[in-house]
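Novice: output the structure for:
(one chain, ligands or ions: 2)
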Amino acid sequence: MPPEKEVAIEMVNISKVYPDGVLALDKVSLTIYKGEIHGILGENGAGKTTLMRILYGNIKPTGGKIKVFGKEVSFGSSKDAIKIGIGMVHQHPSLVPVFTALENIYLGLPSNFKEQVSLKELIERTGIKVPLEERIEDVSLGIAQKVEILKVLYRGAEILILDEPTTNMTVEEVKEFFSTLRNLKKMGKTIIFISHKLKEVLDITDNITVLRRGKVSGSLPTSQATPEELAKLMVGREVFLKLEKQGSRPGEKILRVEDLWVKRNDGSWAVKGVSFEVRYGEIFGIAGVEGNGQSELIEAITGLRRAERGKVFFKGENVTNAHPLKLYTMGLAHIPEDRQKTGLILDMSVAENSILGIHRKRDFLRPMMIFNENKIKEHVERLIQQYEIVVSKINAPARSLSGGNQQKVVVGREFSKTPDLIIASQPTRGLDVGATEYIRSLLLKMRNNGKAVLLMSSDIDEVMGLSDRVAVIYEGEFMGISETSSVSEKEIGMMMGGYKMGEIGIK
Ligand SMILES: Nc1ncnc2c1ncn2[C@@H]1O[C@H](COP(=O)(O)OP(=O)(O)O)[C@@H](O)[C@H]1O
Ligand SMILES: [Mg+2]
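Specialist: Ligands and ions are numbered 1, 2, ... in the order given. From the prediction side, this is the model:
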């Protein structure tokens, strides 16, 4: 018999009705054991943050009971939670940008604070290394996240709530972050890991509670969980993580890139002599660890960044350094990787954003170039319905939408241009399972209808799952181009790490 596991947290029948009447949690119960990493999985809006803010004493539940290490608690504020050893790192970093890491860690300590371990010792024990003297505004989001965790641990947290901690981390940062979490677990800390990413939850947790629309839809040990089962619990229906893909019937070339060279903003070379072509009826994928030139490559092809050398041909026409609007009128659409900078104008309304780039279409204009409000309204309402965009009203600023809904506005708008070639950069980053599946199926449908897709993604599963052919970019060069069916995930991984295809024995 294994020893009885000690219960760290018990939440029983927790409900929450927000003042505006939203029922965010409906009798949620869960048990978390000491020393485990417990995953809280759910789509956007499922109630994850609400549940954890209640546990942290940030907001009060409408009903229900909370026990911490066997004792019933009722928190007046998060100060009470911190006192008994609960710490929370919020979804959006709450550090002061102009202060150093060290200043941030010390900031707001109560005057009677007694440290249990010195900061130095804590850093040694946990292995969480951060540049203490650097200002938060000068460090990456991954490092800022670590500073927050240190800050919470320094205050004596035994139970650590992490709300979507990996949102802004690169693949490498996530790997490192997970080894930190495993360290903390070894030290006996209890960790609550909130996420909507199946893979991460499967990778790092011991037990999982799945929330859907404010209710627990399932709870199970991670060892018994499969991605399919978890996706179903999250979304409430069968989700096809592996898309049905018929064989491709590639046609003529639509895009040809010849020996392209592109610089970064700082003048260094981001892309060093890349050549490839994309044909009608295929999805051509570009894989690679972020920061290896793929963003600059896409920007150069779509007219957002100068190509210094080389040529781009679209439908046989030389369009090197052409204006984006010209490319669009020729049948190219672009889902940019950064929806907040390039994809949307955040202060403009959802309706206005929905016609960006197509606003000159005759449909949306009346004589004298006056906007036809009714036509725009019809258009945006169709997008909202088709893409299930959650928005209070069509005149709400794009800024007020959640990240997932912002992305759907961009995707919907670009698809509504009925392009012959769509260039999709990180099209599903930050999206939940349902929206991800939908967008992937749209890309496949385009390809099945004989159109072309150029897909850039740092998600290996996405590139491998969708692409007919795949190229891997490393430090501005292609390590190889291959039919996806004749290359393994491992080989792609090695190329992402800088091995050329010839060096790892693929023909
Ligand atoms: N402060 C708030 N006031 C009103 N409704 C809220 C508030 N915070 C969250 N909600 C609503 O409660 C539900 C759950 O949200 P949340 O807990 O943030 O979900 P998750 O973290 O799983 O994305 C959503 O419908 C959300 O719109
Ligand atoms: Mg949340």
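
Novice: contacts and neighbour counts: CA atoms only from here.
Specialist: Noted.

Novice: for the chain, what helix or strand is lowest in average pLDDT?
Specialist: Sorting the helices and strands of the chain by mean pLDDT, DSSP states H and E puts strand 365-366 at the bottom, at a mean of 75.

Novice: contact partners for V411?
Specialist: For V411, the contact set (CA atoms under 8 Å, 6 or more residues apart in numbering) comprises I335, P427, I439.

Novice: give me that answer again for 10 Å
Specialist: 333-336, 339, 343, 354, 383, 387, 405, 424, 427-428, 439, 442 (CA atoms under 10 Å, 6 or more residues apart in numbering).

Novice: so which of those residues sit within strands?
Specialist: A333, H334, I335, A424 (DSSP state E).

Novice: give me the number of neighbouring residues for the residue of the stretch 201-350 of the chain found nearest ligand 1.
Specialist: Taking CA to the nearest ligand atom as the measure, the stretch 201-350 of the chain has G214 as its residue closest to ligand 1, at 6.8 Å. Here the number of neighbours of G214 (other CA atoms under 10 Å) works out to 23.

Novice: tell me which helix or strand the nearest residue to it once chain neighbours are set aside sits in.
Specialist: Of all residues not flanking G214 in the chain, L25 sits nearest, at 4.1 Å (CA to CA, 6 or more residues apart in numbering). Assessed by DSSP states H and E, L25 sits inside strand 23-33.

Novice: do the same with M456
Specialist: Going by DSSP H and E, M456 is in strand 452-457.

Novice: partners of that strand, with directions?
Specialist: strand 283-287 (parallel), strand 421-425 (parallel) (DSSP bridges).

Novice: neighbour count added to the ones in strands among the contacts of V411, as TSV?
Specialist: Below are those laid out as TSV (neighbours: other CA atoms under 10 Å):
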residue	neighbour count
A333	27
H334	27
I335	22
A424	22
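
Novice: dump those to CSV, plus distance to ligand 1 and pLDDT.
Specialist: Shown next, in CSV, are those (distance: CA to the nearest ligand atom, whole Å; pLDDT from 0 to 100):
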residue, distance to ligand 1, pLDDT
A333, 30, 94
H334, 28, 94
I335, 24, 94
A424, 25, 97
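
Novice: need these in JSON lines (columns: distance to G498).
Specialist: Below are the ones in strands among the contacts of V411 laid out as JSON lines (distance: CA to CA, whole Å):
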{"residue": "A333", "distance to G498": "30"}
{"residue": "H334", "distance to G498": "28"}
{"residue": "I335", "distance to G498": "27"}
{"residue": "A424", "distance to G498": "24"}
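
Novice: and the two most separated of the residues you listed?
Specialist: A333 and A424 (8.4 Å; CA to CA).

Novice: hey, what's in contact with both of those two?
Specialist: Joint contacts of A333 and A424 (CA under 10 Å, 6+ apart) are V411, E414, V453.

Novice: pretty sure the second one sits in a strand.
Specialist: I take that to be E414. No: E414: not assigned to a strand; according to DSSP: H, G, I helix; E, B strand; the rest coil it is helix.

Novice: tally of neighbours for it?
Specialist: E414: 26 surrounding residues under other CA under 10 Å.

Novice: Provide a list of residues in contact with it.
Specialist: Shown in contact with E414 (CA under 10 Å, 6+ apart): 328, 332-336, 343, 354-358, 408, 422-424.

Novice: how about these, which pair is most distant?
Specialist: The most distant members of these, if one measures by CA to CA, are Y328 and K408, lying 19.4 Å apart.

Novice: tell me which of these two has more neighbours.
Specialist: Neighbour count, other CA under 10 Å: between Y328 and K408, K408 has more, with 27 against 19.

Novice: tell me the secondary structure for the more buried one?
Specialist: K408 - assigned by three-state DSSP - is helix.

Novice: tell me how far it lies from I298.
Specialist: 20 Å (CA to CA, to the nearest Å).

Novice: all strands of the stretch 251-400 of the chain, in order?
Specialist: Taking DSSP state E, counting those that start in this stretch as the test, the strands found in the stretch 251-400 of the chain are 253-263, 269-279, 283-287, 307-314, 317-318, 332-335, 365-366, 370-371.

Novice: restricting to C-alpha, output the second one in CSV.
Specialist: Written as CSV, here are the backbone C-alpha positions of strand 269-279 (Å, rounded to 0.1, in the frame of the first residue of the first chain):
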residue,chain,number,x,y,z
TRP,A,269,21.0,39.2,-41.9
ALA,A,270,17.8,37.4,-40.8
VAL,A,271,17.3,35.4,-44.1
LYS,A,272,20.3,34.3,-46.0
GLY,A,273,19.6,33.0,-49.5
VAL,A,274,16.3,31.1,-49.2
SER,A,275,14.7,29.5,-52.2
PHE,A,276,11.4,27.5,-52.5
GLU,A,277,8.1,27.4,-54.4
VAL,A,278,4.5,26.8,-53.4
ARG,A,279,2.1,25.2,-55.8
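
Novice: count of neighbours near K120?
Specialist: By the criterion of other CA under 10 Å, K120 has 9 neighbours.

Novice: please begin residue numbering at 53 from this point
Specialist: Done: numbering now begins at 53, and the last item shifts to K172.

Novice: that one and ligand 1: what is the separation?
Specialist: Using CA to the nearest ligand atom, to the nearest Å, we find K172 at a distance of 33 Å from ligand 1.

Novice: for that residue, report the pLDDT, please.
Specialist: We note a pLDDT of 93 for K172 in this prediction.

Novice: tell me which helix or strand it sits in.
Specialist: Using DSSP H and E, K172 falls in helix 171-178.

Novice: and the helix or strand just after that helix, which residues are buried?
Specialist: Using DSSP H and E, the helix or strand that follows helix 171-178 in sequence is helix 193-206. Across helix 193-206, burial judged by 16 or more other CA atoms under 10 Å covers 193-206.

Novice: most widely separated two among those residues?
Specialist: Between any two of those (CA to CA), the greatest distance is 19.8 Å, for L193 and Y206.

Novice: now do the helix holding K172: distance to the chain's middle.
Specialist: In terms of CA atoms, centre = their mean, to the nearest Å, the centre of helix 171-178 is set 30 Å apart from its chain centre.

Novice: what's it in contact with?
Specialist: With CA under 10 Å, 6+ apart as the contact definition, helix 171-178 has outside contacts at 154, 157-158, 168-170, 179-182, 202-203, 205-206, 231-239.
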